[in-house]
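Asker: only the shape, not the letters, is given here:
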Ligand SMILES: [Zn+2]
């Protein structure tokens with residue numbers, strides 16, 4: 001008999017448990033997290049892991065010590081004063097390591113309540129190309145330059161110094177971007193370092209791509225051989241999705257990720273849930289259940305959610321979810337494995353190829369479900385799903401897409417009615433929100449720039 005959760009550290013984030021300030025209603029996502037015995041991420045993660053290199057040294061330090069900064073391909077030290085959020089250091093410089101560690105110690109001294117601190121690099125590339133740093137460069141399994149040994153060596157050097165003052169407060173560090181693959185050479189990590197794998201290639205349903213699905217277990221096992229202080233933080237089923245496009249449940253990914261992590265002995269998972277509860281309920285439920293017991297049968301849990309959530313309307317709703325899933329999966333499988341930001345965005349191309357051709361079919365299944373629903377709760381759940389399609393239809397048309405029969409659709413609203421709809425749903429959990437805000441523009445082309 002299992003007495004506690006399989007993953008002692010577990011979070012499901014971006015599920016609207018941090019409410020907009022003006023919302024005076026109950027925090028239902030937080031009540032739901034409580035019912036699932038999930039910790040609230042906003043109460044503070046045990047292992048901090050945000051991009052943090054600009055937290056400990058400041059532009060004054062960078063200007064006083066250009067030799068601490070990353071070197072570019074021409075041999076010049078980079079200047080990050082205009083974009084501090086991207087700062088990169090020359091991590092083989094011992095004075096830089098000392099100064100950075102002193103900065104971390106200073107922050108921990110000033111914040112006695114912090115459980116940990118992040119030493120993760122700033123986002124993006126521009127890592128140091130000086131001869132000393134280059135000696136640590138390797139090649140990842142896809143033939144691209146990897147700075148993983150640079151980063152792990154730096155984490156160890158900083159951690160050793162910080163441990164002298166704060167041995168009990170772990171330091172979280174990403175393995176991410178062009179340092180997400182475990183090193184081929186063995187390396188022993190300091191005991192106060194926690195590696196946080198944020199596998200950029202696998203963001204936004206990237207694990208649907210055969211090349212990534214196939215390598216997944218070996219990547220996870222490789223990292224767990226480096227250290228058991230390991231937190232998996234993935235945006236696996238996350239999409240920037242402001243226009244109401246319902247995301248698929250992603251059962252294939254749920255069957256792959258947490259069970260593989262559990263088998264490899266990972267103690268910590270920190271997953272992005274689905275913020276749009278109108279369609280994301282089953283996925284959030286599956287994440288919560290699998291974090292307690294990753295051996296559970298995903299298909300059985302899915303059937304259970306559909307039966308409990310929609311009652312007699314479950315059959316057409318499953319068809320509707322699976323219609324989206326099949327098309328979504330085919331799109332992702334055909335997408336290039338080389339990462340670009342728009343890969344985790346529901347933009348014009350995805351809406352046009354995945355949703356637009358079957359909008360009428362989605363509506364037909366939804367109507368069937370409405371006819372079969374037997375209770376007010378089931379109807380309310382369907383309405384939450386339907387609100388997303390009201391928004392999607394409006395935003396497709398606002399982007400100039402031609403939707404056959406749009407004005408006869410049950411999801412059609414005149415502009416006045418749509419403005420009223422937006423007011424009525426201002427704080428609805430059914431629709432996706434990022435950092436407490438909706439973005440109400442039309443479906444966008446290319447990469448989001450809102
Ligand atoms: Zn360097």
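Answerer: Okay, I see it. Quick caveat: nothing in here was measured; it's all calculated off a predicted structure.
Asker: the most centrally placed residue in the chain and residue 218: what is the separation?
Answerer: Centroid check for the chain by Cα atoms, centre = their mean gives residue 235 as the closest residue, at 2.3 Å. The span separating residue 235 from residue 218 equals 21 Å under the rule Cβ to Cβ, to the nearest Å. Quick note: C-beta positions are derived from backbone N, CA and C, even for glycine.
Asker: can you check residue 35 too?
Answerer: Between residue 35 and residue 218 the distance is 36 Å, computed by Cβ to Cβ.
Asker: same check on residue 304?
Answerer: 32 Å.
Asker: residue 35 and residue 218: who's more crowded?
Answerer: More crowded of residue 35 and residue 218, by other Cβ atoms under 10 Å: residue 218, with 13 against 9.
Asker: so that one is in which element?
Answerer: If you go by DSSP states H and E, residue 218 is part of helix 210-226.
Asker: residues contacting that helix, please?
Answerer: 141, 152, 175, 180-183, 186-187, 189, 195, 197, 199, 201-202, 206-207, 230, 232, 256-257, 260-261, 264-266, 333, 337 (Cβ atoms under 8 Å, 6 or more residues apart in numbering).
Asker: would you mark the buried spots in that helix?
Answerer: By neighbour count, and taking 16 or more other Cβ atoms under 10 Å as the criterion, the buried residues in helix 210-226 are 212, 213, 215, 216, 219, 220, 221, 222, 223, 224, 226.
Asker: can you check stretch 361-374 too?
Answerer: When burial is assessed from 16+ other Cβ under 10 Å, stretch 361-374 yields the following buried residues: 362, 363, 365, 366, 368, 369, 370, 372, 373.
Asker: check which helix or strand covers the first one.
Answerer: The secondary structure element spanning residue 362 is helix 359-372 (assigned by DSSP H and E).
Asker: model confidence over that helix, on average?
Answerer: pLDDT averaged over helix 359-372 equals 98, rounded to a whole number.
Asker: so, low pLDDT: which residues of the stretch 301-450 of the chain?
Answerer: For the stretch 301-450 of the chain, applying pLDDT under 70 flags no range at all.
Asker: buried subset of the contacts of helix 210-226 as a ChimeraX selection?
Answerer: To isolate the buried members of the contacts of helix 210-226 in ChimeraX, using 16+ other Cβ under 10 Å:
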select :152,175,180,181,182,183,189,195,197,199,201,202,206,207,230,232,256,257,260,261,264,266
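Asker: tell me which parts of the stretch 51-200 of the chain are close to the ion?
Answerer: Taking Cβ under 5 Å from the ion as the measure of proximity, the stretch 51-200 of the chain contacts the ion at 90, 128, 130, 133.
Asker: out of those, who has the most neighbours?
Answerer: Looking at those with neighbours defined as other Cβ under 10 Å, the largest count falls to residue 128 at 26 neighbours.
Asker: doesn't that one lie inside a helix?
Answerer: No - under DSSP: H, G, I helix; E, B strand; the rest coil, residue 128 falls outside any helix and is assigned coil.
Asker: quick one: it and residue 96 touch, right?
Answerer: No - because the distance of 9.8 Å does not satisfy Cβ atoms under 8 Å, residue 128 is recorded as not touching residue 96.
Asker: need the overlap of contacts for those two.
Answerer: Common contacts of residue 128 and residue 96, defined by Cβ under 8 Å, 6+ apart, comprise 89, 90.
Asker: for residue 163, give its distance to the ion.
Answerer: As defined by Cβ to the ion, to the nearest Å, residue 163 lies at a distance of 24 Å from the ion.
Asker: fine by me, we can end here.
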